[in-house]
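# Structure of the sequence below:
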Amino acid sequence: MEIFILILSGFLSGIFGSLGVGGGGVLIAFLTFFLEFSYKSAAGLNLLSFIPIALFSVIIYIKQNKVDLKKAFLMIVSGLVGAPIGVILNSVIDTSIISKILGAFFIAISIKSLFFESTDKS
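Numbers count the residues shown, from 1 in each chain. Model prediction:
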């Protein structure tokens, strides 16, 4: 059963990640809820699995001319600055607090998606 859940979570994470709507959230939810991973272990596995999924997806998006490389560069650089800060915070903030912050974030995004029109800024 564990292998099935890992395959299903990877498959759905690939789909949602390539859509840009949070493959990591799907993967972490599956790992913590169904396989009882700790949040921190699930986050580490998510990041490792994200690399090939994101790389494959971004190649396709670039070939389809759907990526503004200048904006992407700014986000990548700032993300690289934020990454070690997140790792440090992950080691000092209690897992239950991280889970609550993540849950509140997903609720806020869900409410916005359900009740407000999306504006396409591509």
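# and the most centrally placed residue in the chain, how far is that from Ile59?
The centroid of the chain falls nearest to Gly24 when counting by Cα atoms, centre = their mean (3.1 Å). As for Gly24, its distance to Ile59 is 19 Å (criterion: Cβ to Cβ, to the nearest Å). C-beta coordinates here come from the backbone N, C-alpha and C atoms, glycine included.
# same deal with Phe73?
Counting by Cβ to Cβ, the separation of Phe73 from Ile59 is 16 Å.
# ok, now Thr32?
For Thr32 relative to Ile59 (Cβ to Cβ), the value is 30 Å.
# Compare those two and say which is more crowded by neighbours.
A side-by-side neighbour count of Thr32 and Ile59, using other Cβ atoms under 10 Å, places Thr32 first with 17 against 11.
# Quick check: closest non-adjacent residue to that one.
Spatially, and ignoring its direct neighbours in sequence, Thr32 is nearest to Ala42 (5.1 Å; Cβ to Cβ, 6 or more residues apart in numbering).
# Burial check on the one you found, number of neighbours?
For Ala42, the neighbour count with other Cβ under 10 Å is 21.
# for the one 3 residues further on, same thing?
Burial of Leu45, expressed as a neighbour count using other Cβ under 10 Å, amounts to 17.
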